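Q: Build me a model from this:
(one chain, ligands or ions: 1)
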Amino acid sequence: MSRERLIVVGGNAAGLSAASQARRRNHEMEIRVYEKGPDVSYSACGLPYFVGGLVPDADTLRVHSPEFFHTEREIDVFTHHEVLEISTSRRRVSVLAPGGGTPEEVYFDRLVLATGAEPAWPEIPGTELRGVFHVNDLQSAVALKQHLSAASVSKAVIVGGGYIGLEMAEALKTESRAVTLLERSPRLFEAVDQEIVQVTERELTRNGVEVRTQASVAALAGDAQGIVRRVHSEKASFEADCVVLATGVRPRTKLMQAAGIQLGAGGAVSVNDYQETSAAAVYAAGDCVDTLNLVSGQRTYVPLGTTANKQGRVAGENAAGGRERFPGIVGTAVVKVFGLEVARTGLGSEEAREAGFRAAEALVQAPARARYLGGQDILVKLIGDRASGRLLGAQMVGPEGVAKRIDVLATALHSRLTAEQVYQLDLSYAPPFSSVWDPILIAARQLMHAVKS
Ligand code: FAD
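A: Below you'll find the model as predicted:
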């Protein structure tokens, strides 16, 4: 009797988490992973640090090789193999091997789709010019890095002020290189509220990054050699010898759409708590799927590595005969911007109102640890629900102690704590680590009053 076969499409965070967990759960199954590119199992989150020189080479970002998966986990990983089509009724995928030719039809008993996201480039002239990059995968980051070392890049323009744009601003800025960050919205980094953005923007400026908001890019222009030289926005024009497009991503769902698999929030594949799609025996995970926001109760699209790994694990477990759940997210994220940590969890003020809450806010500035030991202030914003007193979200910015404090509040959101319950938390204190009244507690006390007013 032939072995049951699991096919995984996509060989990075979600796909290989799925394959590995399926193997842990089921030692009998045949497991194949098809990856259309040359790279598998690497940290995309580390790409800005590779471009910026903190990570010495691209290989340092690789976690495991296809050989590792073959010998250690009995998983066959096929690079340069693109899945072109899925038939959910016949349980077959058609796979194009390197060198082209006729695609091979491969049967599956279970299928996990982990195709990730693709860059959402603006539809403007000039994106094909040399010197124009994105950093959504290892190959694109390697190409950018090569360009930076081969050409003398003195003026870099980043288009897009989301978290990847912010990380790239820091990665590209050097003493001899000017960096301009263009954002079409009235403010940078829409994932956090205005109070937090203001501090972040000041840090960028302090470090020599020119920030232009309401700068919608209309065209890129090149020289006679086809190398990018200018970025034209609707109102101004900027010199550039390198352009990084960090204009966001969209779920890569062409395959699923063609197969009639149902899509959900943000055009991503709609999945339930078991990472099951609308097609029988077909699971999906990572940047190609939607997920439940546990605070708003609404489906949402938040493509992040931490979620991709967890969802992949659940998809793999269930595809191999288990029954695990991925309950959802609260929207926690953190980014380093030069000397600042910027973090969020839950809903921002506007998001809370859009989700139908009557939101109240607290904003406090307090030292991350004892001032007499050099502790510096962090800015903490909490958002709460007037009706229930429940914490709805938290945002923070500061030079220290932000990244891990946000996790306390993420835990509070998972537990649906009220502002008063957060205020009563027994948090650790010693002068090198906190103030006797931790900034979280001070902010929670203020929120307790705000939700009642
Ligand atoms: P991907 O990593 O995109 O992998 C999908 C794979 O599927 C790709 O290799 C693709 O080639 C392959 N594929 C697609 N279609 C096919 C097909 N038809 N056939 C075969 N193969 C196919 N997240 C965080 O949580 N924290 C961070 O700090 C952070 N920083 C980031 C910084 C950068 C610069 C980037 C780009 C991302 C960052 N992320 C971060 C996001 C995180 O990297 C992604 O959420 C994660 O990589 C998603 O994993 P995935 O497996 O779903 O998708």
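Q: now the chain, which segments are flagged as low pLDDT?
A: Within the chain, the stretches with pLDDT under 70 are 1.
Q: and it, which of its residues are near the ligand?
A: 9-15, 34-37, 44-45, 47-48, 82-83, 114-117, 135-136, 164, 252, 255, 286-287, 303-306, 308 (CB under 6 Å from any ligand atom). Backbone N, C-alpha and C define where each C-beta goes, glycine included.
Q: Helices - which of these land there?
A: 13-15, 47-48, 164, 255, 305-306, 308 (DSSP state H).
Q: Out of the residues of the chain next to the ligand, which end up buried?
A: Neighbour counting over these (16 or more other CB atoms under 10 Å) leaves 9-15, 34-36, 44, 47-48, 82-83, 114-117, 135-136, 164, 252, 255, 286-287, 303-305, 308 as the buried ones.
Q: burial count for residue 279?
A: By other CB atoms under 10 Å, 21 other residues sit near residue 279.
Q: residues contacting the closest residue to it other than its chain neighbours?
A: With CB to CB, 6 or more residues apart in numbering as the criterion, residue 279 has its nearest non-adjacent residue at 3.9 Å, and that residue is residue 88. Listed by CB atoms under 8 Å, 6 or more residues apart in numbering, the contact set of residue 88 reads 111, 259-261, 279-282.
Q: Farthest pair within the ones in helices among the residues of the chain next to the ligand?
A: 48 and 255 (28.6 Å; CB to CB).
Q: Which residue ranges of the stretch 51-200 of the chain form strands?
A: 76-78, 82-87, 92-96, 104-107, 110-113, 117-119, 132-133, 155-159, 178-182 (DSSP state E, counting those that start in this stretch).
Q: center of the protein - which residue?
A: residue 304 (3.1 Å; CA atoms, centre = their mean).
Q: quick one, what contacts that residue?
A: Contacts of residue 304 by CB under 8 Å, 6+ apart are residue 333.
Q: so how far is residue 161 from it?
A: 18 Å (CB to CB, to the nearest Å).
Q: got it, and residue 266?
A: In this view, residue 266 and residue 161 are 19 Å apart by CB to CB.
Q: Kindly report the same for residue 312.
A: Counting by CB to CB - residue 312 and residue 161 are separated by 29 Å.
Q: Name the residue in these two with the higher neighbour count.
A: residue 312 (31 against 28).
Q: Quick check: nearest residue in space to the residue of the stretch 51-200 of the chain found nearest the ligand, chain neighbours excluded?
A: Per CB to the nearest ligand atom, residue 116 is where the stretch 51-200 of the chain lies closest to the ligand, at 2.2 Å. Closest residue in space to residue 116, ignoring its immediate chain neighbours: residue 287 at 4.4 Å, by CB to CB, 6+ apart.
Q: and residue 50, what element?
A: Under the criterion of DSSP states H and E, residue 50 resides in helix 47-51.
Q: Contacts made by that helix with the rest, please.
A: With CB under 8 Å, 6+ apart as the criterion, helix 47-51 contacts 55, 57-58, 60-61, 135, 137-138, 141, 144-145, 148, 164, 167-168, 170-172.
Q: which residues does residue 280 contact?
A: Residue 280 neighbours (CB under 8 Å, 6+ apart): residue 88.
Q: So what's the residue count around the residue nearest to residue 104 when sequence neighbours are not counted?
A: Excluding the flanking residues, the one nearest residue 104 by CB to CB, 6+ apart is residue 95, at 5.2 Å. Residue 95 sits with 20 neighbouring residues when counted by other CB under 10 Å.
Q: So residue 95 is in contact with residue 81, correct?
A: Yes: Residue 95 lies in contact with residue 81 (CB atoms under 8 Å); the separation is 5.4 Å.
Q: Quickly list what's touching both of the two.
A: residue 34.
Q: what are the ranges of the helices in the stretch 201-350 of the chain?
A: 254-258, 305-319, 349-354 (DSSP state H, counting those that start in this stretch).
Q: before we move on, back to that, make CSV from the strands of the stretch 51-200 of the chain and add distance to residue 299 to it.
A: Listed next are these as CSV, based on distance: least, CB to CB, whole Å:
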stretch, distance to residue 299
strand 76-78, 31
strand 82-87, 23
strand 92-96, 27
strand 104-107, 31
strand 110-113, 17
strand 117-119, 16
strand 132-133, 32
strand 155-159, 29
strand 178-182, 31
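Q: Which residue, other than its chain neighbours, is closest to residue 311?
A: Residue 311's closest residue in space is residue 285 (CB to CB, 6+ apart), at 3.7 Å.
Q: Could you measure from that neighbour over to residue 95?
A: 20 Å.
Q: again with residue 272
A: Residue 272 is 27 Å from residue 95, by CB to CB.
Q: Then residue 108?
A: 11 Å.
Q: Could you list which residues are in contact with residue 398?
A: Residue 398 neighbours (CB under 8 Å, 6+ apart): 199, 340-341, 368, 376-379.
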